[in-house]
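# sequence-free structure coming up:
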């Protein structure tokens, strides 16, 4: 495994509507590693994922984000995506009128590999990936997210992960609201992604079950907008056993 | 070159401010257009009905509804009656200043109900002027009729633009009690510099019967399309409509549904795009007359360039339609500051025990949608272009028959070089 840094977040602070949410966050994720980001509700975990992806709903008030050696703090989300970043959404949006197939085709356009595929070849490729995620091929003709169950939406997120093959994927509570079967499918998707060379993963979750099939290299605890603890996979078991109360008294950055 | 003018097409139920330019559409019809009535019709020959089948079906509904084949009175007599009742001048102690001031629309609407005439109340979305024009231009109507006990039937009608011509087609449909008909209308054009396509559909859907109507409009530049429908639903009848409006310099669409039978249902889904300086003008009317009737209008589209769109959507709860429900939802994605959208949702309530809803979202993509798409590598411009193309691709996936699929592919090929292979 290589130890080159894939993502370096330094002194990152961010706010939404003038309310500070992230405070001086430092985080380094090396290429090929799998990290888990945990923390109580409202700690700022999803915000961190969104800020790294460039969500304009948040204002970066200090610090920077370096991805593959380049400062991407001022880069638009589409350029971050094209650079190899991926954010799996906790609540994927619905876009009425846009068939899934049209959407998938559009997001792959201009990308190496899938972007060069002809129509039928692309469809076959998508269908093959869909099969690994137990998705009915008929979903391709449905409107994006419209009428999808929670499980279907998350499977579609995983499908895009496998289709786009980003070098760093941040999965924001991809496991939330899933039943056991759907959780198994999502876990399979994560495993498939991890088999890609250099695949780097940051999993934001409350549920340690999804981590059972992933070798975690590092765990981080976010509380009140700051990272208050770093550790290896043993930290996950510790949180499982004792909860987040133990971190409540720790000082956070101001 | 002289031009005939249709002065009042797709008119609102009652006019609003003239300056808003949404009361009605005006259509110029050049006099030098040749009249054609050519259409390709594909169906089981047994589905062709006798001329007059639609009118006969309405007479049957008249008897079923009012117990008599005759109207109670003429519309003029009914209007006079309504005016007398609301302004009983001459009565002892009546002060003319106390008279209820009814608009021309209110008087007519009340009078139509007083006549107790199913045929007299029949209407199409584009209105009487367009109905007369299209019927006259079309020649003999294609008549499609199912018979009780028939298996589900399908019919396809393709009309197309011809150079320098108005090619119009009239279709009368009678769906017998308990039967089902899938009717696919396709309007298309190849390379014409100037032409018009017209279609005029009158349909009756019998008790417990279903009509699924799909209209695919994939006309090219230089074409004006007039697509007019009027549909009457009997007890427990069901109407499902899907419009895909893709091309044509000007596209006018009208649909009026008389939900007369108890428990009848109508659902209309319309998807459209407007590009360059194209004009789209729609008028949909859901007239609830029967108890526990239900209607749904769902219209969504993308407006680019300096295109213009007007949608008038009316849900009318006529007195007596207890328990009726109607909803109207519209989404318009505007990808250009020069595009113009006009939306006129109207809910008329003449009955207390009803539920009517409408909602509209008009503008650019919302920030959450945009961020989602951007996070997958699409710039805002690419996201909007995708929405435009997706409407065409959706039309392909929803195309009910080979006529419609071929028309959408031909249209898509003009606008997106790789369209065919992307949907194949």
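Sure thing, it's come through. Nothing here was measured: the structure is a model prediction, and the numbers come from that model.

# all contacts plus neighbour counts: C-alpha atoms, from now on.
Noted.

# how about residue A:74, secondary structure?
Classification of residue A:74 using DSSP: H, G, I helix; E, B strand; the rest coil returns coil.

# the one 5 residues further on now?
Secondary structure for residue A:79, judged by three-state DSSP, is helix.

# can you report phi and psi for the closest residue in space to it that isn't next to it in sequence?
Counting by Cα to Cα, 6 or more residues apart in numbering or on different chains, residue B:377 is the residue found nearest to residue A:79 once chain neighbours are left out, at 6.4 Å. When read as degrees, to the nearest 10, the backbone of residue B:377 gives phi 100, psi 10.

# what about residue A:91, neighbour count?
The number of residues packed near residue A:91 is 14, by other Cα atoms under 10 Å in any protein chain shown.

# so where's the chain uncertain?
Answering for chain A, as no chain was given. Along chain A, the parts satisfying pLDDT under 70 run over A:1-2, A:250-254.

# ah, no, chain B please
Within chain B, the stretches with pLDDT under 70 are B:1-2, B:87-100.

# recalculate using a threshold of 50.
By pLDDT under 50, the low-scoring segments of chain B are B:1.

# interface residues of it facing chain A?
Within reach of chain A by Cα under 8 Å from any Cα of the partner chain, chain B has these residues: B:271, B:300-301, B:368-369, B:371-379, B:386-387, B:389-391, B:393-394, B:397, B:421-424.

# stretch A:52-65 and chain B in contact?
Yes - when contact is scored as Cα under 8 Å from any Cα, part of stretch A:52-65 falls within range of chain B: A:53, A:54, A:55, A:56.

# how long is that stretch from one end to the other?
End-to-end distance of stretch A:52-65: 7 Å, with Cα to Cα, to the nearest Å as the criterion.

# mind listing what's buried in that stretch?
Residues of stretch A:52-65 classed as buried by neighbour count (16 or more other Cα atoms under 10 Å in any protein chain shown): A:52, A:53, A:54, A:55, A:58, A:59, A:60, A:61, A:63, A:64, A:65.

# again with stretch A:26-37
A:26, A:29, A:30, A:31, A:32, A:33, A:34, A:35, A:36, A:37.

# the residue in the stretch 151-300 of chain B positioned nearest to chain A - nearest residue in space that isn't next to it in sequence?
In the stretch 151-300 of chain B, the residue that lies nearest chain A is residue B:300 (7.4 Å; Cα to the nearest Cα). Once flanking residues are discounted, residue B:300 sits nearest to residue B:331: 4.5 Å by Cα to Cα, 6+ apart.

# contacts only, for that neighbour.
Residue B:331 makes contact with B:299, B:300, B:301, B:360, B:361, B:362 under the criterion Cα atoms under 8 Å, 6 or more residues apart in numbering or on different chains.

# spit out the contact partners of the closest residue to chain B within the stretch 101-250 of chain A.
Here the stretch 101-250 of chain A gets closest to chain B at one residue, residue A:119, 4.1 Å apart by Cα to the nearest Cα. Residue A:119 is in contact with B:421, B:422, B:423, B:424, counting by Cα under 8 Å, 6+ apart.

# try 10 Å
Shown in contact with residue A:119 (Cα atoms under 10 Å, 6 or more residues apart in numbering or on different chains): A:105, A:125, B:418, B:419, B:420, B:421, B:422, B:423, B:424.
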